[in-house]
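# When you get a sec, could you give me coordinates for this:
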Amino acid sequence: MGPNNAELARVFTRRPKSTIADVTFEANGEIEIVLEGECGSTLLGGGGKYRVEILVRDITANDNIPFKVAGPTNGAFMDATWPQEDQAFLYTVEPAALAGRGGHLCQVYAYLLVGVRNFDADFKTSEMFLIEP
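Here you go, the predicted model:
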């Protein structure tokens, strides 16, 4: 990581409150999505603007799965939303959003935009995950 760079380290799925990634989930359960980013010291200290977004895609049904965000996903480096060089963002897929998706393969797509125009951008995808039948 260069001092003037910011990038997404990874995006992964897990069971609620778990510390490890998982790729199989019950259709009546909940899924947490973690997006981890890193920011260089100069960019952090300069308070540059950023925005992160995700898209949870049901590959089998060819549609999007709704989710909830646990906090702000945009702001400036060094503010309360991204106060240090590494930062994690948490998203939740609730059980109601998984109804009727048993046996479906899914994937998370994430991006980071840095700046106010002529953005620097980074993209990550999660491993595919399965909603159990």
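
# Using CSV, write out every CA atom in the lengthiest helix in the chain.
Under DSSP state H, the helix in the chain containing the largest number of residues is helix 41-46. Output of helix 41-46 as CSV, limited to C-alpha atoms (Å, rounded to 0.1, in the frame of the first residue of the first chain):
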residue,chain,number,x,y,z
SER,A,41,-0.9,7.3,5.5
THR,A,42,-0.7,10.4,3.3
LEU,A,43,-4.2,10.0,1.9
LEU,A,44,-5.5,9.3,5.4
GLY,A,45,-3.9,12.4,6.9
GLY,A,46,-5.1,14.6,4.0
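
# after it, next one along is what?
Counting by DSSP states H and E, the next helix or strand C-terminal to helix 41-46 is strand 49-58.

# And the helix or strand following that next one, what does it pack against?
Once the chain leaves strand 49-58, the next helix or strand it forms, by DSSP H and E, is strand 63-64. Here strand 63-64 touches strand 49-58, going by 3 or more CB pairs under 8 Å, 6 or more residues apart in numbering; DSSP states H and E. C-beta here means a position set from N, CA and C on the backbone, and glycine is covered the same way.

# Okay, now the sheet partners of the strand it packs on, with direction.
strand 63-64 (antiparallel), strand 74-76 (antiparallel), strand 105-114 (antiparallel) (DSSP bridges).

# do you know which of those lies nearest residue 38?
Distance to residue 38, taken as CB to CB, is lowest for strand 105-114 among the strands paired with strand 49-58, at 9.8 Å.

# For that closest one, the averaged confidence score.
Average pLDDT, strand 105-114: 97.

# swap in stretch 81-95?
In this model, stretch 81-95 carries a mean pLDDT of 96.
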